[in-house]
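# generate a structure from the sequence data that follows.
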Amino acid sequence: MSADTRARYVLAVDQGTTSSRAILYDAAGQLVSVAQREHRQLYPAAGRVEHDAAEIHRHVRALIDRVIAKAGIRAEQVVAIGIANQRETTVLWDRDTGVPVANAIVWQDTRTDELVARLAERADAAEVVERCGLPLLGYFAAPRVRWLLDRDDRLRAKAARGEVLFGTMDSWLIWHLTGGPDGGVHVTDVTNAGRTMLMNLRTLDWDDRLLSFFGVPRAMLPEIRSNAEVYGHTAAGIPIAAALGDQQAALFGQTCFEAGEAKCTYGTGSFLLANTGTEPVRSTHGLLTTVAFRIGTAPAHYALEGSMAATGTLVQWLRDRLGLIDAAPEIETLAGTVDDNGGCYVVPAFSGLFAPRWRSEARGVIAGLTSYITKGHLARAVLEATAWQTREVVDALNADTPYPLAELRVDGGMTSNNLLMQQVSDALGVPVERPLYSETVSLGAAYAAGLAVGLWPDMPGLRRNRHTASRWLPTVPESRRDREYRRWSRAAELTYNWNEPDEP
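Take a look at the predicted model:
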């Protein structure tokens, strides 16, 4: 295809849990071309999830070249690359060779639970959440680094000398794309650094007390930078000018730039982030305090986050394990065969409950079963489980901040289910809004990169690129909403203490 040789573009890399994508945007924020490739999911043992970081790097390099060629433009027309990435996934690699010392440990991995339990018994464990804003959980990166170093004294010694480097996927990719062993830039951004449990939430720098607590040498850590600045250049001379954790990238792509604005990304799991302004808000209701974004030298914005472990996963279970549907979109039709859940409630605690309950021992339940229940009722209850999980997080958010949620911006694959989006609006009692362009993760990375190099002059101008595709308003009375939520909450409490302490 031919293209205007004077036009300028921004390239976004969306490095996700199951695949990597490269997406090219023009100066109006319109998608021009896209290329995608899945990578292998490695399961070496129960509870362990790994990726081959070298495979991901090869895929990303090839995708960058492919998306430029597909658009019919020259590399010099790409003014910046922005990277959004799966958060918490942990990579250690050799500085001299660029080869990972082990497979990347993925954010879903639970191998560090025992280590975290031991760390939690220390007298200074309470300092962790105070300094980094995150509860002491194996969900984050620091315990994974400690786990790898504890298994090899020689590896720990090399890490202490800076000969072995640590990074989340943003660091890994930026280091390789800017030269690797031949001068690669070892950096991370504030949103990814904030998910390690090693960064001080106020100073936005590595915290010596946290490094000591987790036994992680400072010499192996990347430099923490803002989300929008030029970190380095590729071999083709393209500036790499942005990096954000995927959920923060979605928040930015949804233009949630002001305190009180919130988005929820509905996928395999779901993640609700609410901008709380330039001061961190300490949650007392089970949410995570995290960095939302920092653009250049401007003050950082913070967010409260609620993570829901099993949303799309629950629909996949209905399809793959129970065989009630042949494809995920069919659940909307099946659920539409009935008017309500028939008194049936589903709580998908497949691997515990995340925010705001944080019960790792919980296991899923189906409650309220009677002989009246059909597969249509079960399908409806499966969708409602995502709506009620969202309600839990929003209730916690409203209790933690002076900004009651007025509307929820949504994105992700599950938002194509119109019934589910109506259920979410009904559960929350607020409007739910889906943008015209659902690729908010990559769009957020593109926006940040474009801001860094001046393609877009300011953040308010980016709001003009945002257009609404669909909007849902609450349709059920408050009394019914609250009654159904109370019943689902009782079902959620039945999931507690399912695994006894001596059980795997």
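
# just give the closest residue to P280, not the sequence neighbours.
Spatially, and ignoring its direct neighbours in sequence, P280 is nearest to Y302 (4.4 Å; CB to CB, 6 or more residues apart in numbering). To be clear about C-beta, it is placed using only N, CA and C from the backbone, and glycine gets the same treatment.

# OK, contacts around the closest residue to P299 other than its chain neighbours?
Among residues not flanking P299 along the chain, T278 sits closest, at 4.6 Å (CB to CB, 6+ apart). Shown in contact with T278 (CB atoms under 8 Å, 6 or more residues apart in numbering): P299, A300, H301, Y302.

# can you add secondary structure and neighbour count and give those residues back as JSON lines?
Shown next, in JSON lines, are the contacts of T278 (DSSP: H, G, I helix; E, B strand; the rest coil; neighbours: other CB atoms under 10 Å):
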{"residue": "P299", "secondary structure": "coil", "neighbour count": "10"}
{"residue": "A300", "secondary structure": "coil", "neighbour count": "20"}
{"residue": "H301", "secondary structure": "strand", "neighbour count": "24"}
{"residue": "Y302", "secondary structure": "strand", "neighbour count": "24"}
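
# and the lengthiest helix in the chain, how far from the chain's centre?
Ranked by residue count and defined by DSSP state H, the top helix of the chain is helix 375-400. Computed by CA atoms, centre = their mean, to the nearest Å, the separation of helix 375-400 from the middle of its chain amounts to 19 Å.

# next SSE downstream of it?
Next helix or strand after helix 375-400 toward the C-terminus (DSSP states H and E): strand 408-411.

# what about that following strand, distance to the chain center?
The answer for strand 408-411 is 14 Å, by CA atoms, centre = their mean.

# which helices and strands does that strand pack with?
strand 262-266, helix 418-428, strand 432-435 (3 or more CB pairs under 8 Å, 6 or more residues apart in numbering; DSSP states H and E).

# pick the most deeply packed of those.
Compared across those, strand 262-266 shows the largest average neighbour count, a mean of 27 (mean count of other CB atoms under 10 Å).

# and the next helix or strand past that strand?
strand 270-277.

# buried residues in the helix or strand that comes right after that next one, which are they?
Next along the chain after strand 270-277, taking DSSP H and E as the criterion, comes strand 288-293. Neighbour counts over strand 288-293 (16 or more other CB atoms under 10 Å) mark L288, T289, T290, V291, A292, F293 as buried.

# mind putting those in TSV, pLDDT and distance to T203 included?
Below are the buried residues of strand 288-293 laid out as TSV (pLDDT from 0 to 100; distance: CB to CB, whole Å):
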residue	pLDDT	distance to T203
L288	91	18
T289	92	14
T290	93	15
V291	95	12
A292	96	17
F293	97	17
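
# okay, the residue nearest to P299: pLDDT?
Here, the pLDDT recorded for T278 equals 94.

# that one and L244, how far apart?
17 Å (CB to CB, to the nearest Å).

# hmm, back to that, any idea how far the residue nearest to P299 lies from P457?
According to CB to CB, T278 stands 21 Å off from P457.

# thinking again about what came up before, what's the closest of the contacts of T278 to L378?
Y302 (39.6 Å; CB to CB).

# so where do the strands sit in the stretch 1-150 of the chain?
9-15, 19-26, 31-38, 50-51, 78-85, 91-94, 104-105 (DSSP state E, counting those that start in this stretch).

# how about the ones you listed, which one is nearest I238?
strand 78-85 (5.1 Å).

# export the closest one to CSV, keeping only CA atoms.
Output in CSV follows, covering the C-alpha atoms of strand 78-85 (Å, rounded to 0.1, in the frame of the first residue of the first chain):
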residue,chain,number,x,y,z
VAL,A,78,7.6,6.7,13.2
VAL,A,79,8.4,9.4,15.7
ALA,A,80,8.2,7.3,18.8
ILE,A,81,7.5,3.9,20.3
GLY,A,82,5.5,3.4,23.4
ILE,A,83,5.4,0.2,25.4
ALA,A,84,2.6,-1.2,27.5
ASN,A,85,3.3,-4.5,29.3
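
# so it versus strand 9-15, what angle?
20 degrees (axes from the mean of the first three to the mean of the last three CA atoms, to 10 degrees).

# list the contacts of W498.
By CB under 8 Å, 6+ apart, the contact list for W498 reads A349, E361, A362, R363.

# so what's the second one scoring on pLDDT?
We note a pLDDT of 84 for E361 in this prediction.

# kindly report the same for the first one.
Confidence per residue is given as pLDDT, and for A349 that number is 90.
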